[in-house]
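Participant: Prediction below, plus the sequence it came from.
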Amino acid sequence: MKIKKLFCIPIAVAAAASVMITSVSAADPYTTYNYDAWWNAVPSQSGYEVIDTVDSRRIGLEALADPSSEFFISETEPTTMSDMKDFFITDDGDIYICDTANNRIIKTDIDFNLLACYKYFPGSTSKHIIVDDQGNETEVDADELKSPYGIFVDEDGVMYIADRDNQRVVKCVEETKTSARILTEYYRPETELYDSQSFYCTKVTVDAAKNVYVICPAVNKGAIMFSDSGSFVGYYGTNRVEVTAEVIRNKLWRKIASEEQIASLTKATPVEYANFDIDKEGFIYTVTEVANVQTDAVKKLNPAGYNILEKTADNNSFGDQISITYNGTTYATRLTDIAISDDKFINILDYTSGRIFQYDERCNQLLIFGFDQEEQRGGFNNPNAIDTYGDKVYILDGRNNDITVFGLTEFGRYVHEAIALHNQGLYEEAYQIWQEVLKRDGGFYMALVGTTKALYNQDNYKDAMEYAKLSFYAKEYDRAFEANRQEMLRNNFTLIVLIVLALIVVWIVIKVLKKKGKIPQKLIATGVGKIADAGKKAAESIVSKAKKGGKK
Amino acid sequence: MLYDMKPWQWVKHVIFHPTEGFEDMRWKKAGSLKIAFFIVFLLFASQVFSSRYGGFAYNTRAYSDVFNIMPILVQSVAYYATWVVSNWSICTLFDGEGNMRRVAIYSAYALVPFIIGNFLSTAISYGLTLDESIWYTAIYQVGLWWSVILMVFGMKACHQYNFTMTIVSMICTVAGMVLILVLLALVMSLFQQVYVFFATIYTEILYRVRS
């Protein structure tokens, strides 16, 4: 018995050790990177890790085809989600998923327990006739959705659904577990200002005043804005045209060309934005999905529709900095969705690479995570939407038909804590946390900047200068340098004055002695004369060498 | 006093007496080609110094790791050489009296204030904040314009032109420099292609011989 026990201990230790090793080496299936001061990608620590992957089975969608369940819709109701385009997480932690191909909205709680599945939408006020691009008239099947592309839920639980193929936006509330009653519908605005034939809306958001903002990919004048009652208000937050060589050329041509020629010129039109999110303070953030567009790629709009990031952001480039051509395909950043978390972090989803780029409120690059290998956990095929709840980030994949949940690692938590203090101006409080970040990633840009500012506030100017050099931050370096210089002058004031006075005295003495004719022998003994002699010799040799060269 | 000046003293004389200095030098047939080349080397050195050193806030580029010496070589030595060749060619057509040796010497001597300004401004940028950049700029600009003035009087003395003619000839010289540099670039790319052609033939033959 004793021997057995003794034998067991090393085995237990070994087992524990092996568990520990696996948990330590459970790295991400991709190399985490970040951008340094020169916008080079450098390896970094992962700030987020996958903590959960949720598919239809986890949510329990079998209940939809189970007659005994309260969620029962019909025997033939698909029990898997398919091609989901959007989802929304409310402040209370309810998750609403647009099951686009199955024309339904699935509601779960934050742990993905099924709460409802809205299939029927009674209460449509009118049989609306819609016209598609070919001019064919069809009647809206108003009781059901047809490819719901986008969803927004306000604090009262009222859903706003972009019912794309029905060309309407539906405002509705829950009636039963399987149906929601329509309150208002928003159709194509019947006004000359709206010059597109169709109203294929894809995304919808609502501000605190219940104004409804709708994105139609065919409309490039900005979001279409409706009042609460359903009337068309106008466009909101138009993107600007990206200035390219072609745009400039056309602009010049327009000055001299005839009217027929002008008509044949291509018009410079802005690209529409793909998606938006609204933060706690009511600012609307937009992203533009078109590849390689830098102008207005990400905007933060004030209620007047002006981009305030232009004035407030530290950085204006988003996503990956270079596009990569591999096997004949060019992979460029396509920012498909944006989500503002409660603590003001801006999360941007790149459709091409499946990466999530996280910025702070001043758009400083913080963390990059996720990748596009769909076969692996944490990899995406069609990452369609991103949302946040607390410090977790949720990614909706429309091909894998699942939702991936990312949680902060220790590193990510340090970064978040530090940047929150940093942006409040509490540099000294953030200092210790930045040191923890730097322990794990010595080149983390914001940590270097934060350390610089903290050291400056602690009057440690010398080190502040060093860190400013590391973070390549000329302005901050200059501040520290000025303070350091001033401190140095103040501490050594007497010495400097003495040296200057001594130099003046020596100069006067030499002048006087020179006037008298020669420097007396006594001075040679003190060494001044020796130095003067050596200098004279050196000068003479240089002169003679130069003379030789000159004569040739 | 002019009779017993050493070659390096002529440099000082010329710099501090812009209008007469070059005339004196021409009259005394003074000026050393060796000193001239040394000055051109200093020009190159000062360019390297100002691009690789300086206070961090003034020259952040110096603190990144990429350094290419070729643009600096072109900006100093190549510009100087084309200036000399172009000026000599133009002024030979314009009845200028200077030979190429003189053009080379006088142009080089005229560059000294610019070199000194370059060195000095870079050196003092270690002790200046960005708010005090006026000192940095001032020193650099004083050196530059001093050199320009010296260059004008140098060329005037060298070719025995009047003032207008000097300015016209200098503008033509700059145009000539552009022409020379463009032609050089063209010739170089042509030779590159010829080289590639022969290299391809060589590899082709190698493949056939081996197989």
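Facilitator: Done, it's in.
Participant: Could you measure from B:Arg52 over to A:Phe481?
Facilitator: 19 Å (Cβ to Cβ, to the nearest Å). Glycine gets a C-beta too; all of them are placed from N, C-alpha and C.
Participant: same deal with B:Phe197?
Facilitator: Plainly put, B:Phe197 is 56 Å away from A:Phe481 if you go by Cβ to Cβ.
Participant: what do you get for B:Ala30?
Facilitator: 46 Å.
Participant: what about the two, which has more around it?
Facilitator: Per other Cβ atoms under 10 Å in any protein chain shown, whichever of B:Ala30 and A:Phe481 has more neighbours is A:Phe481, with 24 against 19.
Participant: so the more buried one sits right up against A:Met465, yeah?
Facilitator: Yes. Applying Cβ atoms under 8 Å, one finds A:Phe481 in contact with A:Met465, separated by 5.9 Å.
Participant: Can you pull the residues that touch both of the two?
Facilitator: Contact criterion Cβ atoms under 8 Å, 6 or more residues apart in numbering or on different chains; residues shared by A:Phe481 and A:Met465: B:Phe56.
Participant: Indicate whether stretch A:497-516 makes contact with chain B.
Facilitator: No. Shown here: stretch A:497-516 not in contact with chain B (Cβ under 8 Å from any Cβ of the partner chain), separated by at least 15.5 Å.
Participant: let me redo that: stretch A:480-495
Facilitator: Yes. Stretch A:480-495 comes into contact with chain B (Cβ under 8 Å from any Cβ), by way of A:481-482, A:485.
Participant: Rebuild those residues as JSON lines, extending it with secondary structure.
Facilitator: As requested, the residues of stretch A:480-495 next to chain B are arranged in JSON lines below (DSSP: H, G, I helix; E, B strand; the rest coil):
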{"residue": "A:Phe481", "secondary structure": "helix"}
{"residue": "A:Glu482", "secondary structure": "helix"}
{"residue": "A:Arg485", "secondary structure": "helix"}
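Participant: which bits of chain B sit near chain A?
Facilitator: B:6-8, B:32, B:34-35, B:55-57, B:60, B:63-64, B:127, B:129-131.
Participant: What subset of those residues is buried?
Facilitator: In the residues of chain B next to chain A, burial by neighbour count holds for B:7-8, B:32, B:34-35, B:55-57, B:60, B:129-130, counting by 16 or more other Cβ atoms under 10 Å in any protein chain shown.
Participant: with the residues you listed in mind, which one is nearest to A:Ile510?
Facilitator: Distances from A:Ile510 to these, taken as Cβ to Cβ, are shortest for B:Trp8 (23.4 Å).
Participant: Surely that closest one forms part of a helix?
Facilitator: Yes. Counting by three-state DSSP, B:Trp8 falls inside a helix.
Participant: which residues touch A:Glu155?
Facilitator: Neighbour list for A:Glu155: A:90-91 [criterion: Cβ under 8 Å, 6+ apart].
Participant: list the contacts for the residue of the stretch 201-350 of chain A at minimum distance from chain B?
Facilitator: Taking Cβ to the nearest Cβ, chain B has its nearest neighbour within the stretch 201-350 of chain A at A:Gln321, 16.1 Å off. With contacts defined as Cβ under 8 Å, 6+ apart, the neighbours of A:Gln321 are A:35, A:39, A:41.
Participant: Can you tell me which of the residues you listed end up in strands?
Facilitator: Counting by DSSP state E, the part of the contacts of A:Gln321 found in strands is A:35, A:41.
Participant: Can you flag the buried ones in the contacts of A:Gln321?
Facilitator: Buried among the contacts of A:Gln321 by 16+ other Cβ under 10 Å: A:Tyr35.
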